[in-house]
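Q: Any chance you could fold what I've pasted below:
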Amino acid sequence: MPRLSSEETAKLNVKRLVDYAVRKLYLQDYDAVYVQNILLDALKLTEPFEGEVGNYDFYEVMDALSDYAVKKGIIEEPEKQLFETKLIGFCMPSPSKTIEMFDDIARYSGTKEATEMLFKLGEDSAYLRRPDLDKNIIWENDGARGKIVVTINLAKPEKTPEQVRLAKLAKGGYPKCMLCLENLGFAGNAAKPARQTIRIIPFELDGENWFMQYSPYQYFAEHLIAVCEEHRPMCVTDATFRRMLDFLDMFPHYFIGSNAALPIVGGSILAHDHYQGGKKVLPVFERPNRRTFKIKDLADVDVAVVDWYNSIVRISSKNRAQALEAVNRIYAAWDNYDEPAMNVLSHTEQDGERVQHNAITPIASINKDGEYEFNLILRNNRTDEAHPFGIFHPAVELHNIKQESIGIIEVMGVFILPGRLAKEMSDMRDILTGKTPLDFEAIAKDEHPLHKHLGMITQLVVDYGTGISEKKAGEAITAYINNACEQILDTTAVFKNTNEGQAAFDKFIHSVID
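A: Residues are numbered from 1 along each chain as shown. Down below sits the predicted model:
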């Protein structure tokens, strides 16, 4: 192929994008002509390319089109991903058409096949950016009470100073939050991502309008979010449990769970009621029961304490009504349960008002025996003078690994650590091998990039010195992080994994079932 001008190359890439959309994004013949003209107009091109599309890579095509738009002054450099999302959005089936496709597949082949179609559409449309997701560093650790998965999240890079500046300048409070229905088709700006490629599936949960979408960050397999159409605060009530079982009746191949609706023990978005779910691959699902109990008047229900780091009551039953009744009893009892010897106070008073501290992180699934199964993780967010960040929250010496709220994903055994940690691990490895001279005085200064890891570095140097091999240094750092993650999960246990803690746990169970 002869060398093309930049305009001819852009036309070729428009044709390639249309070709890709026909093959991967369900673009129909007549719509392809229509979309081609929209794309040409968006790039200020006057006519299509006349040759063959040849071989191409989808992401390289999109990079080339956004680079061309920058070169021609159509967009600014920071707007490239917004622009790419806009172009792909033109090529996709509309939200209503996607719902129609989903419903047709679900009707004839089942909801598992329907969700597979929706997930693949997310990947093929770059809503789920697979090349970015594949950058994540992931490993597993067989810990004392079960496997833990550690992910260093490189798919969600931290903003550059220029991106932070532009985000502060972005005006407007629309949509209200990142989960609102109004994100559907939103063009995005410096503060909020473009959402022309997101597609949702609406349904009813306990008589309310909800919808499902996949998380763009995919912290585990087919990570999804179920969202209430009404923008209202997170709240766990007896209706929550009914909605979860409604979800499982439609999607038995997934689990569904909710963050606790309190700060410290809740998620990052408490302003909009939502649940998280996906494939049943998180470590907690693999854990056996430690002890089992029965409830006298609920013969079809099994109650168990799970062999896990934090404090989980497991409810299992094929009887939906009895399962819900058991869950509601546990929830109501925990809401007001005090065990001062374990530092558990359900509430305190502040300025004459009751402040709630006890909460539950509920996770529902269909287990391998075909039973409804709830894993109810008991939480408490109380602070005191000795624990200003939370009695059951990681201590300061662990904040270099994880300082944020320990939400549903972490308490189920998957740690999401910031992308900066990859570079910091490399820098610490260089110290342990002697490649970088150890300078405690420099590291102790606030501005040093490893300052937050001073305690970790000190311990590693004491244990291993500064002349070990690259391999041993990497293993030592990974082992330290693994141990920190186990400590964090142990910290979240309201009933500790000691004889006294487990006796107190049984006391709580018997307060409900006897």
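Q: switch to C-alpha atoms for all contacts and neighbour counts from now on
A: OK.
Q: ok, residues contacting the helix or strand encompassing Asp63?
A: Under the criterion DSSP states H and E, the helix or strand holding Asp63 is helix 58-71. Residues outside helix 58-71 that contact it (CA atoms under 8 Å, 6 or more residues apart in numbering) are 6, 10, 13-14, 16-17, 20, 43, 75-77, 80-81, 83-84.
Q: Just the CA coordinates for that helix, please, in CSV.
A: In CSV, the C-alpha atoms belonging to helix 58-71 read as follows (Å, rounded to 0.1, in the frame of the first residue of the first chain):
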residue,chain,number,x,y,z
PHE,A,58,-8.8,-2.0,17.0
TYR,A,59,-7.0,-0.1,19.8
GLU,A,60,-4.4,1.1,17.3
VAL,A,61,-7.1,2.4,15.1
MET,A,62,-8.7,4.3,17.9
ASP,A,63,-5.4,5.8,19.0
ALA,A,64,-4.8,6.9,15.4
LEU,A,65,-8.2,8.5,15.1
SER,A,66,-7.9,10.5,18.4
ASP,A,67,-4.3,11.5,17.5
TYR,A,68,-5.6,12.8,14.2
ALA,A,69,-8.4,14.8,16.0
VAL,A,70,-5.7,16.4,18.2
LYS,A,71,-3.5,17.2,15.2
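Q: From the contact counts, what lies against the next helix or strand after it?
A: As assigned by DSSP H and E, the chain's next helix or strand after helix 58-71 is helix 80-91. Contact analysis of helix 80-91 by 3 or more CA pairs under 8 Å, 6 or more residues apart in numbering; DSSP states H and E lists helix 29-42, helix 58-71 as its packing neighbours.
Q: Specify the local secondary structure of the nearest residue to Ala304 once chain neighbours are set aside.
A: In this structure, Ala304 finds its nearest non-sequential neighbour in Thr292, 4.2 Å apart by CA to CA, 6 or more residues apart in numbering. When the structure is split into helix, strand and coil by DSSP: H, G, I helix; E, B strand; the rest coil, Thr292 lands in strand.
Q: how near is Thr292 to Gly465?
A: 47 Å (CA to CA, to the nearest Å).
Q: what's the distance between the nearest residue to Ser6 once chain neighbours are set aside and Gly173?
A: Closest residue to Ser6 in three dimensions, ignoring its sequence neighbours and counting by CA to CA, 6+ apart: Tyr68, at 7.5 Å. Taking CA to CA as the criterion, Tyr68 is separated from Gly173 by 31 Å.
Q: biggest helix in this protein, by residue count?
A: The helix that spans the most residues within the chain, counting by DSSP state H, is helix 470-491.
Q: Give the buried residues for that helix.
A: Of all the residues in helix 470-491, those buried under the rule 16 or more other CA atoms under 10 Å are 470, 473-474, 476-478, 480-482, 484-486, 488-491.
Q: pLDDT of stretch 66-85, averaged?
A: Mean per-residue pLDDT for stretch 66-85: 96.
Q: Please say which of Tyr68 and Gly173 ends up with more neighbours.
A: Residue environment comparison for Tyr68 versus Gly173 gives the larger neighbour count to Tyr68, 19 against 7, counting by other CA atoms under 10 Å.
Q: contacting residues for the residue nearest the centre of the chain?
A: Central residue check for the chain by CA atoms, centre = their mean: the C-alpha nearest the mean position is that of Tyr219, 4.7 Å away. Taking CA under 8 Å, 6+ apart as the definition of contact, the neighbours of Tyr219 are Ile416.
Q: does Val461 really touch Leu432, like I thought?
A: Yes. With contact taken as CA atoms under 8 Å, Val461 and Leu432 are classed as touching, separated by 6.7 Å.
Q: Between these two, tell me which one has more neighbours.
A: A side-by-side neighbour count of Val461 and Leu432, using other CA under 10 Å, places Leu432 first with 26 against 16.
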